[in-house]
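Enquirer: Okay, structure incoming, though there's no sequence with it:
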């Protein structure tokens with residue numbers, strides 16, 4: 001499925017169906033949406049986070065409850081989602097429309113994408129995770145170990161990283177407080193209506209909609225709010241953002257910016273990151289001249305092989321070439337790739353250095369939650385003099401032939 005970004009990448013990033021349990025408790029006098037304006041923190045709300053980079057969710061603090069709003073759950077969505085987070089044992093405000101009440105802290109958690117796994121480990125929530133789409137794809141050691149021990153159930157068929165089916169009976173037996181999943185606008189991959197019909201609590205996580213790496217990573221605060229871990233998420237993200245901005249500041253000082261382009265042809269279409277996409281932001285912050293940086297789209301452009309070869313044939317670097325493990329494998333897809341200067345000079349890098357035996361790529365797991373380290377990888381590639389002590393974590397140069 002392909003919408004804005006290259007769909008394979010976009011769907012690997014799609015995020016979160018979070019548990020929403022409708023409550024019958026009556027409000028004091030006002031609804032969650034129309035009720036009291038956000039308040040300054042009182043004793044019960046000292047545990048707070050502030051959204052600074054993300055543009056597609058909002059977090060509000062009210063007297064006795066919190067509100068999470070997902071404004072753009074997927075591209076072209078006509079409406080968003082609102083989650084009213086209420087501490088267990090306290091009265092909930094009146095809700096309107098599709099607002100969903102979720103009792104906090106969540107105790108039984110299910111995720112449908114490995115993109116959300118780092119939230120669990122970074123916030124120390126391993127004991128709450130009871131279900132995943134496909135456990136063998138997980139790279140995070142503490143979670144992979146719990147899955148191997150039978151403490152986490154498998155609820156989907158995510159053989160390609162994209163869930164096509166959920167085991168509704170198994171999900172029901174798990175009695176989750178919250179299921180975190182993504183929305184795409186394509187019923188082939190969307191399950192929120194099915195979950196709602198089954199009265200299973202969910203929330204849509206739309207971190208993949210963000211156009212900056214820090215905006216996407218800040219969705220840890222979205223997840224943390226359901227566990228009343230707001231302050232912890234604030235502190236964790238502050239460190240990530242600070243390190244990212246320091247790395248970007250160093251790269252801004254470079255005198256020469258090498259040219260770079262990304263991706264590869266896929267069945268006659270080249271899904272090139274738009275000039276205002278999160279991937280283009282990575283390239284800019286890593287001190288490069290992205291060859292499509294003049295484009296204004298936040299998703300992916302659909303280009304022909306001829307158009308890409310015309311502009312990128314003399315590029316200095318080529319990155320993110322699907323699942324290719326070697327230059328020979330890349331060239332086997334199309335011999336014209338050998339004409340690209342980056343190919344000839346062996347300046348082709350892919351983000352598949354850390355893949356587990358089942359094919360789970362840790363770049364789309366740990367990497368998405370740690371953009372500061374991804375940026376360090378990219379700066380090491382493009383400007384090694386700025387990162388002399390950094391060892392590549394997810395990226396690697398493609399060898400001539402893949403190791404067997």
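Expert: Here it is on my side, so go on. None of these values were measured; they are calculated from a predicted model.

Enquirer: Sketch out the strands for the stretch 151-300 of the chain, chain order is fine.
Expert: 153-154, 178-181, 202-204, 259-262, 265-266, 269-273, 289-290, 300-303 (DSSP state E, counting those that start in this stretch).

Enquirer: wait, the stretch 301-404 of the chain
Expert: Under DSSP E, counting those that start in this stretch, the stretch 301-404 of the chain gives strands at 317-319, 348-350, 396-397.

Enquirer: Run through who's touching the first one.
Expert: The reference is to strand 317-319. 258-262, 288, 312, 340, 342-343, 347-351, 378, 381-382, 395 (Cβ atoms under 8 Å, 6 or more residues apart in numbering). Every C-beta, even on glycine, is put in place using the N, C-alpha and C of the backbone.

Enquirer: mind listing what it pairs with, with the direction of each?
Expert: According to DSSP bridges, strand 317-319 forms sheet pairs with strand 259-262 (parallel), strand 348-350 (parallel).

Enquirer: repeat for the last one
Expert: Here strand 396-397 is paired, per DSSP bridges, with strand 348-350 (antiparallel).

Enquirer: Residues in contact with the strand it pairs with: which ones?
Expert: 317-325, 327, 330, 342, 381, 395-398.

Enquirer: now with 7 Å?
Expert: 317-321, 324, 327, 330, 342, 381, 395-398 (Cβ atoms under 7 Å, 6 or more residues apart in numbering).

Enquirer: Rebuild the residues you listed as JSON lines, extending it with neighbour count.
Expert: Listed next are those as JSON lines, based on neighbours: other Cβ atoms under 10 Å:
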{"residue": "317", "neighbour count": "21"}
{"residue": "318", "neighbour count": "25"}
{"residue": "319", "neighbour count": "23"}
{"residue": "320", "neighbour count": "22"}
{"residue": "321", "neighbour count": "22"}
{"residue": "324", "neighbour count": "20"}
{"residue": "327", "neighbour count": "21"}
{"residue": "330", "neighbour count": "21"}
{"residue": "342", "neighbour count": "22"}
{"residue": "381", "neighbour count": "22"}
{"residue": "395", "neighbour count": "20"}
{"residue": "396", "neighbour count": "16"}
{"residue": "397", "neighbour count": "13"}
{"residue": "398", "neighbour count": "22"}
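
Enquirer: so how many other residues sit close to the residue nearest to residue 287 when sequence neighbours are not counted?
Expert: Leaving aside its sequence neighbours, residue 287 sits nearest to residue 251 (Cβ to Cβ, 6 or more residues apart in numbering; 3.5 Å). Using other Cβ atoms under 10 Å, residue 251 is surrounded by 21 other residues.

Enquirer: Equivalent analysis for the one 5 residues further on, please.
Expert: Each residue near residue 256 was counted by other Cβ under 10 Å, and the total is 10.

Enquirer: What pLDDT does the model give it?
Expert: As predicted, residue 256 sits at a pLDDT of 96.

Enquirer: That one and residue 197, how far apart?
Expert: 57 Å (Cβ to Cβ, to the nearest Å).

Enquirer: List the buried residues of stretch 241-253.
Expert: For stretch 241-253, burial by neighbour count (16 or more other Cβ atoms under 10 Å) applies to 241, 243, 244, 247, 248, 250, 251.

Enquirer: Toward the C-terminus from the lowest-mean-pLDDT helix or strand in the chain, list the very next helix or strand.
Expert: Taking mean pLDDT, DSSP states H and E as the measure, helix 7-13 is the helix or strand of the chain with the lowest mean score, a mean of 39. Downstream of helix 7-13, the first helix or strand assigned by DSSP states H and E is strand 57-62.

Enquirer: Centre of the chain to that next one, how far?
Expert: In terms of Cα atoms, centre = their mean, to the nearest Å, the centre of strand 57-62 is found 20 Å from the chain centre.

Enquirer: strand partners of it, parallel vs antiparallel please.
Expert: strand 65-70 (antiparallel).

Enquirer: Which neighbouring elements make contact with the next helix or strand after the partner strand?
Expert: Remark: after strand 65-70, the chain's next helix or strand is strand 81-87, criterion DSSP H and E. Contacts defined by 3 or more Cβ pairs under 7 Å, 6 or more residues apart in numbering; DSSP states H and E place strand 81-87 against strand 65-70, strand 100-104, strand 202-204.

Enquirer: Now the lengthiest helix in the chain: average pLDDT?
Expert: For the chain, the longest helix by residue count, based on DSSP state H, is helix 230-251. If you average the pLDDT over helix 230-251, you get 98.

Enquirer: for stretch 52-71, same thing?
Expert: The model assigns stretch 52-71 a mean pLDDT of 97.

Enquirer: quick one: buried residues of that stretch?
Expert: For stretch 52-71, by 16+ other Cβ under 10 Å, it's 53-54, 56-62, 64-68, 70.
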